[in-house]
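A.B. asks: need a structure here:
(one chain, ligands or ions: 1)
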Amino acid sequence: MAQYTRISGSVGLITLKNPPVNALSAVVRQGIVDSVERALGEPEVKCLVICGQSGKFCGGADIREFGKKMTGPPLIPVFHAIEAAAKPVVAAIEGIALGGGLELALGCHYRIAHSKAKLGLPEVTLGLLPAAAGSQRLPRLIGVPAALDLITTGRHVTAAEALQLGIVDQVTDHNTVDAAVKFALSVAGQSLDARRISTFPCPRLSNLDAVFEAAMQKVRQAARGAIAPIACVQAVRAAATLPYAQGLEREKELMATLFTSGQARALQYSFFAQRAVGRWSMPSGARWDTSKPKPIRKAAVIGLGTMGRGITVGLAQAGLSVVAVETQEKQLMEAKQAVSGMLERGAKKRGVSPPLGNISYSSNIKTVGDVDLVIEAVFEDMALKKEVFQQLSAVCRPGTFLCTNTSGLDIDDLASQTPNPELVVGMHFFAPAHVMKLLEVVYGPRSSPQAVATAMQLGKVIGKVSVAVGNCQGFVGNRMLSPYLSQANFLLEEGATPEFVDQVLEEFGFAMGAFRMSDLSGLDVGWRVRKAAGLVVPGQPARMRQGCRYSPLGDLLCEQGRFGQKTGSGWYQYDKPGSRVAKPDPWLHSFLEEYRTRHGLVARRIDHQEVLERCLYSLINEGFRILEEGIAAGPEDIDVIYVLGYSWPRHRGGPMFYADMVGLTRVLERLEFYHQAHPDVPSLQPCNLLRKLVASGSPPIHRWREVIKKVHSQL
Ligand SMILES: CCCCCCC/C=C/C(=O)SCCNC(=O)CCNC(=O)[C@H](O)C(C)(C)COP(=O)(O)OP(=O)(O)OC[C@H]1O[C@@H](n2cnc3c(N)ncnc32)[C@H](O)[C@@H]1OP(=O)(O)O
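C.D. replies: Numbering: from 1, shown residues only. You can find the predicted model right below:
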C-alpha cells in the first residue's frame, strides 16, 4: 500500500509500504494515485514528499506480477500525474531506487538521496527496458551517453555518482525524509515549469549517429544474443530523435516485444532462482531455516596457489581475520606480494583502503589453532589433501569447521581422515576465486546441517551466491560438463573441427565454446582427472573404456605437451605461451585426419543442430540424473551453477530452464534418437526422471519438484 500522512501541517507525505523492497504492486500504484489526488485537493498542503518504509525507497515494478493479468493503474499515467502536479513533489531516496523506483523519482520534480543509496535502471538484466518512461526521461535529464551507459548495463550508481550525473539534486548524510521535507518547503510556491523532465529537450549531440552506432556495436558484442540491450539502445535513440510523446510510443512498442519474450522469462526465472538457492535443503531433511550457522570471525586458508590467494582476498575484503598458510617460505613471500597487490587494486577501484592488516601469513600450519574455520586449498591431489586434513585435525581447536576447496574429489573420503567428519564440507570456488560469484557448497553423508549452514553463510558474507549440493564425482557443475565435453570430442572424431563446434556453442551464447574453454583452463587438468580415474592406461583399446565409447583425443594432445593457452597450443594455436588469441591450427586439422584414418573413421558433414543437441542435451540429461539422485535439490540449483560458474547464457535461464523451454518431449525424443545412433554412449540414454516428467505431461519447471519427490519416495 501507500500511506498518506501530513507533516508540519503543510507537507503531504506518501510512504510506500510493500516489504521487502516496496515494489510497485497494483495496490501500491493505486495507493500513490489516491494519495497524490488527496494531497493536491487539500488546500493546506503546499508540497509533497514520496518515500519508502524501512529505509528503502523502491525496488521497482513488482516482478512477481509479470506474466499475470495486469490490474491496478499502469505506471506511466501515475508518474505523469505526479509530474503534472501543481505542487512540488520531492522523492526522498533511501536505500534503493531501482527500475520503476527510479522512474517514479524521475516523475517527481526534485530528488534528494541519502549518501548510502543506490540508484539504477536494471530492467535490462530482467530482459526488459525502463518502459515506465525511464528510457525517455533519463536521457533528457543526464544526456544520451550517460543514459545509454546506465540503461544498457543496468548498473547501480552511488548517490555521489547520481549527484555528479545530475540524477539527484541533493545528497544527505542525515535523515532523508527530514531533508526532503525541508527542501520541499523551501521550493513550495516556486514555478515548476523547469522541473518537469518530460518537457526537457534531449541534449543535442553533434555525432548522434556515431554515438548510437558505437553503442549498438558494444551491446551486440557483449550481449551474446540477448535482445533487451539492443532494444534499450533503440529506446534511447527514440528519446534523442523524437518528441517525448512519440518516444514514449516507441518505448511501448519495444517493451511489448520484450515483455512476452522467452529471454525475459529466462532472466526473471534466473533472478528468483539466485534467491531460491539460499533456501537450501538436504535429502536428510535438514534445511536453511532450521539449521543455524556459527558465526565465523577468523578463518585460515591452507595453500596459497591461485585459488588460495583468491580465497584469502575474498575473506579479507569481507572483513574477516585470515591466517594464510603456505609451507614453502619462497612461495609464501610470493603469495603475500600477490595477495597485497590484489587487495590494493580492489581497494583503489572501490575508493577504500586495502584491508592488508586482516591477514597474517605463516609457513607453519600450527598457527591455525585458534581459527573458527579452515579452507584447505592445496593442489588437487587426494593424498596431499588427506595429509593436510590429518595435520589440521591435530592442530585445530575442537569444533573448527574444515572445508576443502576441490572441484570434484570425494568429500566423504577426506572427512574420514578426521575424528569429526560432521565438521567437514566442500567449498568449490571458481577461478578467479575473489571475482567469480559462484560457490558450490558440497555436503557429504556425514556433514552436519550446521557445517553446511555455516559454509553457506560464509559464502554470503564474502559476496557469493552459494549452492548446496551433494557429494559425487565432479559435484554438479563438473559432472554435467563431462558428457558435454565428451560429445564435443566425439564430434571431432566424426568430422567436425574445434572451430565449428565452438562457433555453434558461442552463437548459442556461451562466452567460449568447449575447445576454447578447455584451452583456457588447461588440457592437463582433465588429463590428470582421467589418469586418476584409471582411464589413461597404456594397452587399453584406443576408443573404448569399460564397454563405453571413449575419445583419447585430449590425452593425445597432452602427450604432445599441448596443454592449451599456457603452452601456446592445444585445440588451437597461440602466438606464444599465455597468449589469449586462439587461431585455427593446421597441425591439429592434419592430426584429426590422421587419427580418423588410423581408426577407420569417415568424416561426415555435421550441422549446427547436431552439435547443439548432442552437447547440450547430454549435459541436460546428466542434470536430470543429478536431480533424480538428490545431488541437487531442484532445477534452480543446477541453473544457477551453470549461469554463474560455466558461462551458460543468462538470457537462456540455465540448462534445466532451457530444457523446459525446448519442451521435455522434444529433449527426450532427440536423446532417444542419438542414443540409438550411439548405443555405446550411456550419457545419451534418457534418464528415468526425464521419462517420468514426460509421462506426467511435461509439467512446467516450477512443478518439477513434485515429480522428483514422487520418484524419491518410490526409491
Ligand atoms: C506490468 C508492466 C510493468 C511495466 C513496467 C516496466 C518498467 C519497470 C520495470 C521494473 O521496475 S523491473 C524491476 C526493476 N528492479 C530490479 O531489477 C530490482 C531487483 N531487485 C534487486 O536487485 C534486489 O532484490 C535489491 C532490491 C537490490 C535488494 O537486494 P537484497 O540482497 O537486499 O535482497 P534480495 O534477496 O535480492 O531481495 C529480497 C526479496 O525481495 C524480492 N524482490 C526484490 N526486488 C523485487 C521486485 N522488484 N519485485 C518483486 N520482488 C522483489 C526478492 O525476490 C527477494 O524475495 P525472495 O525471492 O527471496 O522471496
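A.B. asks: okay, the nearest residue to S281 once chain neighbours are set aside and A633: tell me how far apart.
C.D. replies: Spatial nearest neighbour of S281, excluding adjacent residues (Cβ to Cβ, 6 or more residues apart in numbering): R287 at 4.6 Å. C-beta: built from backbone N, CA, C; applies to glycine. Computed with Cβ to Cβ, to the nearest Å, the distance linking R287 and A633 is 10 Å.
A.B. asks: mind checking which of those two has more residues around it?
C.D. replies: A633 (23 against 15; other Cβ atoms under 10 Å).
A.B. asks: local confidence estimate at that one?
C.D. replies: As predicted, A633 sits at a pLDDT of 97.
A.B. asks: that one belongs to a helix, doesn't it?
C.D. replies: No - assigned with DSSP: H, G, I helix; E, B strand; the rest coil, A633 falls outside any helix and is coil.
A.B. asks: contact partners for it?
C.D. replies: A633 makes contacts with W280, S281, M282, A468, R705, as judged by Cβ atoms under 8 Å, 6 or more residues apart in numbering.
A.B. asks: can you list these in TSV and add neighbour count and secondary structure?
C.D. replies: Output for the contacts of A633, formatted as TSV (neighbours: other Cβ atoms under 10 Å; DSSP: H, G, I helix; E, B strand; the rest coil):
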residue	neighbour count	secondary structure
W280	24	coil
S281	18	strand
M282	19	coil
A468	27	strand
R705	15	helix
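A.B. asks: among those residues, which one sits closest to the ligand?
C.D. replies: Ranked by distance to the ligand (Cβ to the nearest ligand atom), these are led by W280 at 12.7 Å.
A.B. asks: gap between the closest residue to that closest one other than its chain neighbours and E83?
C.D. replies: Nearest non-adjacent residue to W280, counting by Cβ to Cβ, 6+ apart: A468, 3.9 Å away. A468 sits 47 Å away from E83, going by Cβ to Cβ.
A.B. asks: near the ligand, which residues of the stretch 401-550 of the chain?
C.D. replies: Counting by Cβ under 6 Å from any ligand atom, no residue of the stretch 401-550 of the chain lies close to the ligand.
A.B. asks: which residues in the stretch 401-550 of the chain form strands?
C.D. replies: Counting by DSSP state E, counting those that start in this stretch, one finds strands in the stretch 401-550 of the chain at the ranges 401-404, 424-429, 438-443, 465-470, 544-545, 548-549.
A.B. asks: which residues touch the third one?
C.D. replies: Around strand 438-443, the neighbours that count as contacts under Cβ under 8 Å, 6+ apart are 282, 406, 411, 425-430, 451-452, 455-456, 459, 464-471, 475-477, 640-641, 644-645.
A.B. asks: ok, the residue nearest in space to the middle of the chain - contacts?
C.D. replies: A centroid search over the chain (Cα atoms, centre = their mean) returns L644, at 4.1 Å, as the residue closest to the centre. By Cβ under 8 Å, 6+ apart, the contact list for L644 reads Q274, F430, M436, K437, L438, V465.
A.B. asks: partners of the residue nearest to it when sequence neighbours are not counted in the sheet?
C.D. replies: Leaving aside its sequence neighbours, L644 sits nearest to L438 (Cβ to Cβ, 6+ apart; 3.9 Å). Note on L438: beta-bridge partners by DSSP bridges are V465.
A.B. asks: could you check how far L438 is from V681?
C.D. replies: Separation of L438 from V681 (Cβ to Cβ): 29 Å.
A.B. asks: likewise I631?
C.D. replies: In terms of Cβ to Cβ, I631 sits 21 Å off from V681.
A.B. asks: kindly report the same for L267.
C.D. replies: If you go by Cβ to Cβ, the gap between L267 and V681 works out to 33 Å.
A.B. asks: and those two? Which one has more around it.
C.D. replies: L267 (24 against 19).
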